[in-house]
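>>> pasted the sequence and its predicted model underneath.
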Amino acid sequence: MTQLKITEVALRDGSHAMSHQYTVEQVRNITKGLNAARVPYIEVAHGDGLGGSTIQYGLSKTDELKLIEAAVEEADFSKIAVLLLPGIGTIQDLKEAHRIGAKMVRVATHVTEADVAKQHLETAKNLGMETVGFLMMSHMAPVDKLVEQAKLMESYGADTVYAVDSAGAMLPYEVSEKIKALRDALTVNIGYHAHNNLGLAIGNTLAAIEHGATRIDGSVRALGAGAGNAQTEVLVAVLEKMEVETGIDLYKMMDLAEEVVAPIMQTTQEITKDSLTLGYAGVYSSFRLHAERAAKKFNIDSRDILIELGKREIVGGQEDMIVDVAAELAQKNQVTV
Ligand SMILES: C[C@H](O)CC(=O)C(=O)O
Ligand SMILES: [Mn+2]
């Protein structure tokens, strides 16, 4: 069996949960711990990838290139990865990240829009980087559509194609079906990225592994958007019990989670009513904090905003719609009072 490789995403997906306020010192400390635990890949960037620091997505406290540089300096075993969403990050951003030491890029698109990744994947390949096609909101596409889009990613040079459960909305049978179809149709590695909004991140990840995924994402202490991702140290422990080799030192991961990551988290990671609603309604996990802020501003229930966003099938890149929907709901409430 191909060795399972875990990518740690707390320094990128966790950026959403940290309101993009990571400091160089925090990134250094977390990278040091992950590197010591021998995590193969560590993703570092703004939550919405390279170039994500904007009013629309949330301004970063620290220039992400400084964070990536710091991670590269601390990691002599782990490879540093970056995320790039075409339209947010540019080819120039990709070249800069490569220049300062990023070894892998994950080019992320909505699950039906793989074609926009072509140029970025080809450029990364020419730079000698490892490449991943990252199909977000995979719960929204039927199996045949997902396979079609994954094949496009493969044809552009992706070494791995991920089914990304951005909303934490997928059920185990759905993960099994989709990963199996991808495994049957593609020759490259298959990956899976979970969010724990329905409490299924570890279970779904195990289903993905059972059906052929060999690249898996986790976030230490579940520091990711919404209710977080598959919690890395938990996943490592479960896989050890199943005698699946990850190469990661369990005690070092546990210590890192407890001593370094937990103390800097803005809130304890748990499945709150809003993160549960994300999974229930099929909404992008990074919308949670945006919806909570809009709910406060318009004095409405954040769950109503999230349910409406789900109904309208609003996807990443349409963050401006969150405030629009909140304003509409507030106006409707006033009319009916
Ligand atoms: C830009 C998103 O946060 C990428 C991701 O982690 C997901 O879709 O999930
Ligand atoms: Mn995510």
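That came in fine, so what should we check first? Numbers count the residues shown, from 1 in each chain. Ligands and ions are numbered 1, 2, ... in the order given.
>>> show me what counts as buried in stretch 136-147.
Buried residues in stretch 136-147, defined by neighbour count with 16 or more other C-beta atoms under 10 Å: Met136, Met137, Ser138, His139, Met140, Ala141, Leu146, Val147. C-beta: built from backbone N, CA, C; applies to glycine.
>>> can you redo those residues as a markdown table with pLDDT, distance to Pro263 and secondary structure?
What follows is the buried residues of stretch 136-147, written out as a markdown table (pLDDT from 0 to 100; distance: C-beta to C-beta, whole Å; DSSP: H, G, I helix; E, B strand; the rest coil):
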| residue | pLDDT | distance to Pro263 | secondary structure |
| --- | --- | --- | --- |
| Met136 | 98 | 30 | strand |
| Met137 | 98 | 33 | coil |
| Ser138 | 98 | 33 | helix |
| His139 | 98 | 34 | helix |
| Met140 | 98 | 37 | helix |
| Ala141 | 98 | 39 | coil |
| Leu146 | 99 | 39 | helix |
| Val147 | 99 | 43 | helix |
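>>> show me which of those residues neighbour ligand 1.
By C-beta under 6 Å from any ligand atom, the members of the buried residues of stretch 136-147 lying near ligand 1 are Met136.
>>> who in the stretch 101-250 of the chain is up against ligand 1?
Ala108, Met136, Val164, Ser166, His193, Ala225.
>>> change it to 5 Å
Contact residues (C-beta under 5 Å from any ligand atom) of the stretch 101-250 of the chain with ligand 1: Met136, Val164, Ser166.
>>> please verify my assumption that the first one contacts Gly316.
Read that as Met136. Yes: here Met136 reaches Gly316: they are 6.0 Å apart, a contact under C-beta atoms under 8 Å.
>>> shared neighbours, those two?
Here Met136 and Gly316 have His110, Ser166, Tyr284 as joint contacts, going by C-beta atoms under 8 Å, 6 or more residues apart in numbering.
>>> by neighbours, which of the residues you listed wins?
Ser166 (31 neighbours; other C-beta atoms under 10 Å).
>>> is ligand 1 contacted by the host helix or strand of Lys297?
Per DSSP states H and E, Lys297 falls inside helix 287-298. No: on the criterion C-beta under 5 Å from any ligand atom, helix 287-298 is out of touch with ligand 1, staying 9.8 Å away.
>>> going forward, the N-terminal residue is numbered 58.
New numbering, starting at 58: the last item is helix 344-355.
>>> which of the residues in that helix are buried?
Of the residues in helix 344-355, those buried (16+ other C-beta under 10 Å) are Phe344, Arg345, Leu346, His347, Ala348, Glu349, Ala351, Ala352, Phe355.
>>> toward the C-terminus from it, list the very next helix or strand.
helix 359-368.
>>> by contact count, what packs against that following helix?
In terms of contacts (3 or more C-beta pairs under 8 Å, 6 or more residues apart in numbering; DSSP states H and E), helix 359-368 is packed against helix 330-338, helix 344-355, helix 377-393.
>>> contacting residues around Gly304?
Gly304 neighbours (C-beta under 8 Å, 6+ apart): Gln60, Arg95, Pro97.
>>> go with 7 Å
Residues in contact with Gly304 (C-beta atoms under 7 Å, 6 or more residues apart in numbering) are Arg95, Pro97.
>>> ok, the buried residues of helix 344-355 vs ligand 1, which is closest?
In terms of C-beta to the nearest ligand atom, no member of these lies closer to ligand 1 than Phe344, at 9.8 Å.
>>> quick check: the closest one touching Met378?
No: using C-beta atoms under 7 Å, Phe344 is not in contact with Met378; the gap is 9.4 Å.
>>> residues contacting the closest residue to ligand 1 within the chain?
In the chain, the residue that lies nearest ligand 1 is Ser223 (3.2 Å; C-beta to the nearest ligand atom). Ser223 sits next to Met193, Met194, His252, Tyr341, Ser342 when contact means C-beta under 7 Å, 6+ apart.
>>> give me the mean pLDDT for the one helix or strand Gln83 maps to.
Taking DSSP H and E as the definition, one finds Gln83 inside helix 81-93. Helix 81-93 shows a mean pLDDT of 98.
>>> what's it in contact with?
Contacts for helix 81-93 (C-beta under 7 Å, 6+ apart): 65, 67-68, 99, 101, 119, 123-124, 127-128, 131-135, 309, 313, 317-318, 321.
>>> among those, name the buried ones.
For the contacts of helix 81-93, buried by 16+ other C-beta under 10 Å: 65, 67-68, 99, 101, 119, 124, 127-128, 131-132, 135, 309, 313, 317-318, 321.
>>> out of the residues you listed, which are inside strands?
Using DSSP state E, the members of the buried ones among the contacts of helix 81-93 that fall in strands are Glu65, Ile99.
>>> if we can go back for a sec, the helix holding Gln83: how far from the chain's middle?
Distance, stretch centre to chain centre, for helix 81-93: 19 Å (C-alpha atoms, centre = their mean, to the nearest Å).
>>> list the buried residues for that helix?
For helix 81-93, using 16+ other C-beta under 10 Å, the buried residues are Val81, Gln83, Val84, Asn86, Ile87, Thr88, Lys89, Gly90, Leu91, Asn92, Ala93.
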